[in-house]
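**Q** sequence first, then the predicted structure:
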Amino acid sequence: MDISIELVNKDATRQALTVEQWQFAGGEQHVRLAGFDGQQVQSAIICARLQSSDAIMQLLLIKDALDRAAPGIQVSLQLPYFPYARQDRVCVAGEAFSAAVMTGLLRNAGFSQIRCWDLHSAVSEQLLEAEQVHQAQLVCQFAQLKQWLQTHQAALLAPDKGASHKIAKVADALSAAGIEAEVFQANKRRDPATGAILASELNADVAGRSLLILDDICDGGRTFIELARLLKQKGAARVGLYVTHGLFSRGIEPLEGLIDAVFTTDSVCPLHPFESQIVELHTLKLFE
Ligand SMILES: O=P(O)(O)OC[C@H]1O[C@H](OP(=O)(O)OP(=O)(O)O)[C@H](O)[C@@H]1O
């Protein structure tokens, strides 16, 4: 289970809480707090990597079990990856506003505090009212990434307008750390009816340059494959990719030959198990 719990006792000592978890034959989730003495406990910190609907349900059940066993307990939630954040608007009539549904579930659960990393957009930021570790803070902690930027004198590249305001902050934070990087912005052209990506566009001369694309999430990778292909066509010497949340739902192979180095964090997975002879992969480990 990708959920861990630390208890803070009334005497200020801390301990890990074991949760027994299983699934009923019909698929429903079950949790039980093992050897939990609610009398001794003041607060709890839950760390959750939520990628599946089962994990979301487990988290809600654990919160309920804590509240019942220790009425009044303060439970804070470390939630590096906020699921469903990308569905932050109704693009086509008839769709759900999934980020609002997810936010409603978490807010109703009554956590005393929620802390996320690099939220997808201002919509989830406003709905969730969570504390946030911003992309610029994460990038500035990433020694291998900073070294790559310096070694190759790379520029930063936003894949779309949505990513560009974050990247301006990354550039400022890097500059404060003594690393100067130029910033470029590309555009994602989408099919207005389906939202599917048709092409990436970039109005800049990048021949011979090294570029680091930065974004919050890599899922199937389409955004970055299209953009990296365009960069290589325009004569870029080297392309790196930083994403805070490395879902990599199609693995890392589709990036081979287009992206030279990938930088990500452990927000959704402790260490990405992908084998690649071609793509360098660096993971910033912060979660454990
Ligand atoms: O790896 P991929 O499958 O290409 O997905 C990754 C992209 O998806 C998200 O944005 P999204 O496309 O949801 O667009 P938005 O910025 O318009 O919300 C994310 O910010 C990446 O840009």
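**A** All right, it came through fine.

**Q** quick check: residues of the stretch 51-200 of the chain near the ligand?
**A** Taking C-beta under 6 Å from any ligand atom, the part of the stretch 51-200 of the chain that reaches the ligand is made up of 86, 120, 159-160, 162. C-beta coordinates here come from the backbone N, C-alpha and C atoms, glycine included.

**Q** now, those residues that are in helices?
**A** Members of those lying in helices (criterion: DSSP state H): Gly162.

**Q** quick one: which of the residues of the stretch 51-200 of the chain next to the ligand is the most crowded by neighbours?
**A** Scoring these on neighbours with other C-beta atoms under 10 Å, the highest-scoring entry is Pro159 at 24 neighbours.

**Q** tell me the contacts of that residue?
**A** Neighbour list for Pro159: 186, 188, 200, 213, 215, 223-224, 227 [criterion: C-beta atoms under 8 Å, 6 or more residues apart in numbering].

**Q** go on, Asp54?
**A** Here Asp54 is in contact with 23, 29 (C-beta under 8 Å, 6+ apart).

**Q** distance between the helix or strand harbouring it and the chain's centre?
**A** Using DSSP states H and E, Asp54 sits within helix 53-69. Here helix 53-69 is found 22 Å from its chain centre; the criterion is C-alpha atoms, centre = their mean, to the nearest Å.

**Q** returning to what we had before: least confident of the residues of the stretch 51-200 of the chain next to the ligand?
**A** On pLDDT alone, Gly162 ranks lowest of these, at 84.

**Q** residue ranges of the helices in the stretch 151-288 of the chain, please?
**A** 161-176, 222-233 (DSSP state H, counting those that start in this stretch).

**Q** neighbouring contacts of stretch 79-89?
**A** Under C-beta under 8 Å, 6+ apart, the answer for stretch 79-89 is 48-51, 56, 95-99, 101-102, 106, 114-117, 119-121, 123-124, 128, 130, 133, 217, 245, 265-268, 286-287.

**Q** adjacent strands (with direction) for the helix or strand bottoming out on mean pLDDT in the chain?
**A** Least confident helix or strand, the chain: strand 197-201 with a mean of 85, by mean pLDDT, DSSP states H and E. Partner strands for strand 197-201, per DSSP bridges, with pairing direction: strand 187-190 (antiparallel).

**Q** which positions in the strand it pairs with come out as buried?
**A** The neighbour-count check on strand 187-190 (16 or more other C-beta atoms under 10 Å) flags 187-188 as buried.

**Q** state the number of residues packed around Ala237.
**A** 15.

**Q** and it, its phi and psi?
**A** Taking degrees, to the nearest 10, you get phi -80, psi -30 for the backbone angles of Ala237.

**Q** surely Ala158 is in contact with Ala186?
**A** Yes: when contacts are counted by C-beta atoms under 8 Å, Ala158 is listed as touching Ala186 (6.7 Å).

**Q** thinking again about what came up before, which ChimeraX command selects the buried ones in the contacts of stretch 79-89?
**A** Of the contacts of stretch 79-89, the buried ones can be selected in ChimeraX as follows, counting by 16+ other C-beta under 10 Å:
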select :48,49,50,51,56,98,99,102,106,114,115,116,117,119,120,121,123,124,128,130,133,217,245,265,266,267,268,287
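
**Q** ok, back up a step: I'd like to know which of the helices of the stretch 151-288 of the chain lies nearest to Ala69.
**A** Nearest of the helices of the stretch 151-288 of the chain to Ala69, taken as C-beta to C-beta: helix 161-176 at 40.2 Å.
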